[in-house]
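only the shape, not the letters, is given here:
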């Protein structure tokens, strides 16, 4: 990636107390404030006031970081939310998140108030180290690709519409209540019969290869498999 900017270095440094006052009443405020006690050294929060619209890739550093974007996060490139080991970090976007591909991993936690739209894929790994992503709106993508330990949520404004809020096919584990997977990622013997050869590594789904393919607007599934899965879900 020739042009990548550090998202967690943007905005201005604020205190947790300022965030608590500014976002008083927000349903995820306690989730955000809790990050100050999840790591050995209290992070220094940053606030981006207003929407962020860019035409390049964005990524986060090793953390721990706490960031609030009080508006939309929009890029024509990819967004990668990651951290170092045991560096639980949190991002709250009060508007929409739109990007080509979205990846969250390690100890990065991301919550979006509005809709989340990826023209490519959403990839999540490292849920056993706190990685999590969710939207209070709808989630649209070519596919969501998760490992067996990582969750994702989309409520679409209410718990009764949880499954309908996912406007995409989901590859993931079976142990989560936040979503119903269309493909069980742990069924490794089925990967070759499910995904195109370009996203496989020794007959197993490789999410990095899937992201490369998604940059060209192409999904990870074999065409006949994708048609059948979409018909089953009603997409």
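Cool, got the structure. All figures in this text were calculated on a predicted structure; none of them were measured in a lab. Residues are numbered from 1 along each chain as shown.

quick one: low-confidence parts of this structure?
For the chain, applying pLDDT under 70 flags the ranges 1-2, 157-162.

mind listing what residue 86 touches?
39, 107, 129 (CB atoms under 8 Å, 6 or more residues apart in numbering). Glycine gets a C-beta too; all of them are placed from N, C-alpha and C.

out of those residues, which is most surrounded?
Neighbours here are counted as other CB atoms under 10 Å. On that basis the top member of the contacts of residue 86 is residue 107, with 26 neighbours.

neighbouring contacts of the longest helix anywhere in the chain?
If each helix of the chain is counted by residues according to DSSP state H, the longest one is helix 223-233. With CB under 8 Å, 6+ apart as the contact definition, helix 223-233 has outside contacts at 169, 182-183, 193-195, 219, 221.

give me the distance from that helix to the chain's centre.
The gap between the average C-alpha position of helix 223-233 and the chain average comes to 23 Å, counting by CA atoms, centre = their mean, to the nearest Å.

roughly how far apart are residue 146 and residue 186?
Here residue 146 is placed at a distance of 11 Å from residue 186 (CB to CB, to the nearest Å).

ditto for residue 79
In this structure, residue 79 and residue 186 are 27 Å apart, going by CB to CB.

these two: who's more crowded?
Relative neighbour count places residue 79 above the other of residue 79 and residue 186, with 25 against 13, counting by other CB under 10 Å.

name whatever forms a beta bridge with the more buried one.
Beta-bridge partners for residue 79, by DSSP bridges, are residue 58, residue 102.

just checking, residue 119 touches residue 100?
Yes. Checked against CB atoms under 8 Å, the pair residue 119 and residue 100 is within contact range at 5.3 Å.

okay, and the common contacts of those two?
With contacts defined as CB under 8 Å, 6+ apart, the residues shared by residue 119 and residue 100 are residue 214.

tell me which of these two has more neighbours.
Between residue 119 and residue 100, counted using other CB under 10 Å, residue 100 has the larger neighbour count: 18 against 15.

could you verify my assumption that the more buried one touches residue 77?
Yes. Between residue 100 and residue 77 there is a contact under CB under 8 Å: 5.8 Å.

sec struct for residue 30, please.
Under DSSP: H, G, I helix; E, B strand; the rest coil, residue 30 falls in the helix class.

now residue 17
In the three-state summary, residue 17 is assigned as helix, counting by three-state DSSP.

give me every residue that touches residue 45.
By CB under 8 Å, 6+ apart, the contact set of residue 45 is 13-16, 18-19, 66-68.
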